[in-house]
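> Pasting the sequence and the predicted model now:
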Amino acid sequence: MSVRVRFAPSPTGYLHVGGLRTALYNYFFARKHNGKLILRIEDTDRTRYVEGSVENLIKTLTWAGIEFDEGPHIGGPYGPYYQSQRLEIYRKHADLLIEKGWAYYAFDTPEELEEARQKSPHHEFKYDRYSMRNQFTLGIEKTHELISQGVPYVIRLKVPDNQEIQFYDIIRGEISVNSKDVDDQILLKSDGYPTYHLANVVDDHLMEITHIIRGEEWLPSVPKHILLYNAFGWEIPKLAHLPLLLNKDRTKLSKRQGDVAVEDYIAKGYFPEAFVNFIALLGWNPSADREIYSVQELIDKFELEKVNKAGAIFDVVKLDAINAKYLYSKPIDELASEFRFWVEQRGYFNLSDEYLRKVVALLRERVKKLPEIIDFAPYMFEKPKQYDLEYFKKHWSDTTKEHLENILNLLRTIEDFTHQTVHDEVLKYLNERNLKLKEVIHPLRLAITGLSYGAGMFETMEVLGKDEVIQRLEYFLQNILPEIQNEKK
């Protein structure tokens, strides 16, 4: 049997991080078993459809490195891959269920259904086919009369009474549900569009899906789907329902407590390899002593049977740590090329490739994400606009001005402006006067960067370059230091 799996998102705006994990697990499973991965767009709920979301989904999945074998963007032998373009197929199968006695027509109005919900104990509404307006209470003749008159109706699943519905889940094992707990689900709505249940089962069968790998939230729908498969006389695909993603307080992951859209993490500058690595290990890990894997390793090691049942904590601190490891290990040239995008997005243009390489090499171990370099060290891209004067006052003395002026003159004489040469010359100056490095390094840092923190000061000076360092020191001595001295008086 050739493995065929699918990722079937709804085009409602953005790709949820849980959706990405589902897509990844389907991708890993398909590639490990030399199978096919299908992208199917489940767009039958037109009230939730968001224009442009399909293109955004495909773009985001491509960013994550997921390659599909069939789908709306590449075609395939089982199309169309938009459910909204398959309405006649669903209508045909809904009629077939009517003929076989597995479904029926219902004419209840929204107001009648709402009234029934309000009357149900604790508002736990379950449709009762023997008390509502449907073909069981109206009779076949009246039913066809109403249909011929154009009265709106839906088609509902006829759930058998008191029957054990059993199925096996690869992750959760044997599961049994009594049909008394299953509602007579709507299969075809009054607008001619199917619900998730009918469209999902019909498409999975017609597209020859062998394994359904999806989120735990769909587990309660399985008994309805099992009934549909049985009604049609079709083989049931193998099932695997993935655990929920949770906040650190073990509540269901939601945007109330943080970002849940993959696009949000792209915008923050996470590497796709790092993000995929992190997401892939939410609920599954092939080894207890590793957390960094290549995509090929994840594919080779992936086993549905080893996915955990319990919810997985979405820990941004761990995500940052994984991203930082990629940041520290990637080649400088590759990072500098990516860094240019972020730099120019912030309005800094005309910076050489060599300069960006030096900046990244200097600062990458002080941040978790590549674009954070700009916020951590804005002085690498423009002259200081503000100065941490409290920091300067803390390290200010009556001789500070004199030492800064002397070091400025010293820097003018250095031809080989490397961090080592600058360090040695400044240290020589200090030793000759029996001074400690801290007596000048802090004022020097503030004058050149405006901040109290950063990378090594001499390394920073080398990257900025001799002319830039001299200009900044001159400006500080002429314009900023006098203000500080006046405040000290």
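Structure's in. What do you need? Residues are numbered from 1 along each chain as shown.
> only C-alpha atoms for contact and neighbour calcs from this point on.
Will do.
> quick one: low-confidence ranges for this protein?
123, 255-258, 485, 487-489 (pLDDT under 70).
> how about the strands in it?
4-7, 36-39, 103-106, 154-157, 164-169, 173-178, 186-188, 211-215, 238-242, 245-246, 312-313 (DSSP state E).
> buried ones in stretch 36-49?
36, 37, 38, 39, 40, 41, 42, 43, 44, 45, 49 (16 or more other CA atoms under 10 Å).
> same thing with stretch 311-323?
Buried, per 16+ other CA under 10 Å, within stretch 311-323: 311, 312, 313, 314, 319, 320, 322, 323.
> between those residues, which is closest to residue 411?
For the buried residues of stretch 311-323, the residue nearest residue 411 by CA to CA is residue 323; the value is 38.2 Å.
> Kindly tell me how buried the closest residue to residue 281 other than its chain neighbours is, as a neighbour count.
Of all residues not flanking residue 281 in the chain, residue 291 sits nearest, at 7.7 Å (CA to CA, 6 or more residues apart in numbering). The tally of other residues near residue 291 (other CA atoms under 10 Å) stands at 14.
> what does the one 3 residues further on give?
By the other CA under 10 Å criterion, the neighbourhood of residue 294 contains 12 residues.
> Would you check that it makes contact with residue 275?
No - applying CA atoms under 8 Å, one finds residue 294 not in contact with residue 275, separated by 11.6 Å.
> before we move on, the earlier item: could you dump the strands of the chain into a markdown table with distance to residue 144 added?
Converted to a markdown table, those look like this (distance: least, CA to CA, whole Å):
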| stretch | distance to residue 144 |
| --- | --- |
| strand 4-7 | 38 |
| strand 36-39 | 39 |
| strand 103-106 | 9 |
| strand 154-157 | 13 |
| strand 164-169 | 32 |
| strand 173-178 | 32 |
| strand 186-188 | 17 |
| strand 211-215 | 37 |
| strand 238-242 | 38 |
| strand 245-246 | 47 |
| strand 312-313 | 51 |
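> list the contacts for residue 150?
Counting by CA atoms under 8 Å, 6 or more residues apart in numbering, residue 150 touches no other residue.
> actually residue 385, sorry about that
So residue 385 contacts residue 450 (CA under 8 Å, 6+ apart).
> Equivalent analysis for residue 196, please.
Contacts for residue 196 (CA under 8 Å, 6+ apart) come out as 42, 44, 187.
> of all those, which comes closest to residue 106?
Distance to residue 106 across those (CA to CA) is lowest for residue 187, with 10.9 Å.
> What is the neighbour count of that closest one?
Residue 187, neighbours per other CA under 10 Å, totals 25.
> and if you look at residue 218?
10.
> How about it, nearest residue that isn't a chain neighbour?
Excluding the flanking residues, the one nearest residue 218 by CA to CA, 6+ apart is residue 241, at 7.5 Å.
> now residue 169: how far from residue 446?
From residue 169 across to residue 446, the span is 62 Å (CA to CA, to the nearest Å).
> more crowded one of those two?
The neighbour comparison of residue 169 against residue 446 (other CA under 10 Å) goes to residue 446, with 21 against 16.
> quick one, what contacts that one?
387, 388, 391, 392, 452.
> Distance to residue 369 added to the residues you listed, as JSON lines?
Below are these laid out as JSON lines (distance: CA to CA, whole Å):
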{"residue": "387", "distance to residue 369": "25"}
{"residue": "388", "distance to residue 369": "25"}
{"residue": "391", "distance to residue 369": "27"}
{"residue": "392", "distance to residue 369": "29"}
{"residue": "452", "distance to residue 369": "21"}
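> Could I get the contacting residues of the residue sitting nearest the centre point of the chain?
Closest residue to the average C-alpha location of the chain: residue 262 at 2.3 Å, with CA atoms, centre = their mean. Going by CA under 8 Å, 6+ apart, residue 262 touches 14, 15, 16, 17, 20, 60.
> which one of these is nearest residue 371?
Of the contacts of residue 262, the one sitting nearest to residue 371 (CA to CA) turns out to be residue 60, at 19.3 Å.
> shouldn't that closest one be in contact with residue 17?
No - Residue 60 is beyond contact range of residue 17, at 10.8 Å (criterion: CA under 8 Å).
> surely residue 205 meets residue 234?
Yes - using CA under 8 Å, residue 205 is in contact with residue 234, at 7.4 Å.
> how deep is the spatially closest residue to residue 22 that is not a sequence neighbour tucked in, by neighbour count?
Closest residue to residue 22 apart from its sequence neighbours, by CA to CA, 6+ apart: residue 214 at 5.8 Å. Per other CA under 10 Å, the neighbour tally for residue 214 reads 23.
> Just list whatever residues bridge to residue 214.
For residue 214, the beta-bridge partners under DSSP bridges are residue 241.
> quick one: contacts for it?
Residues counted as contacts of residue 214 (CA under 8 Å, 6+ apart) are 22, 240, 241, 242.
> mind redoing it with 6 Å?
The neighbours of residue 214, taking CA atoms under 6 Å, 6 or more residues apart in numbering as the test, are 22, 241, 242.
> what's the answer for residue 160, then?
Per CA under 6 Å, 6+ apart, neighbours of residue 160: none.
> got it, and the one 5 residues further on?
Taking CA under 6 Å, 6+ apart as the definition of contact, the neighbours of residue 165 are 176, 177, 178.
> Grab the longest helix from the protein for me.
In terms of residue count, the longest helix belonging to the chain (DSSP state H) is helix 17-32.
> That one - contacts with which helices or strands?
If you count contacts as 3 or more CA pairs under 6 Å, 6 or more residues apart in numbering; DSSP states H and E, helix 17-32 packs onto helix 295-301.
> Pull out the buried residues from the helix it packs on.
Within helix 295-301, the residues scored as buried using 16+ other CA under 10 Å are 295, 298, 299.
> My guess is the last one contacts residue 28. True?
It refers to residue 299. Yes - applying CA atoms under 6 Å, one finds residue 299 in contact with residue 28, separated by 4.6 Å.
> From residue 175, how far out is the residue nearest to residue 218?
Taken as CA to CA, the span from residue 241 to residue 175 is 12 Å.
> So between those two, which is more surrounded?
residue 241 (21 against 13).
> If you count neighbours, what's buried in stretch 84-100?
Buried residues in stretch 84-100 (16+ other CA under 10 Å): 84, 86, 87, 90, 91, 93, 94, 95, 97, 98.
> Repeat that for stretch 346-353.
Of all the residues in stretch 346-353, not one is buried under the rule 16+ other CA under 10 Å.
> again with stretch 243-260
By neighbour count on 16+ other CA under 10 Å, the buried set for stretch 243-260 is 243, 244, 245, 246, 247, 252, 253, 260.
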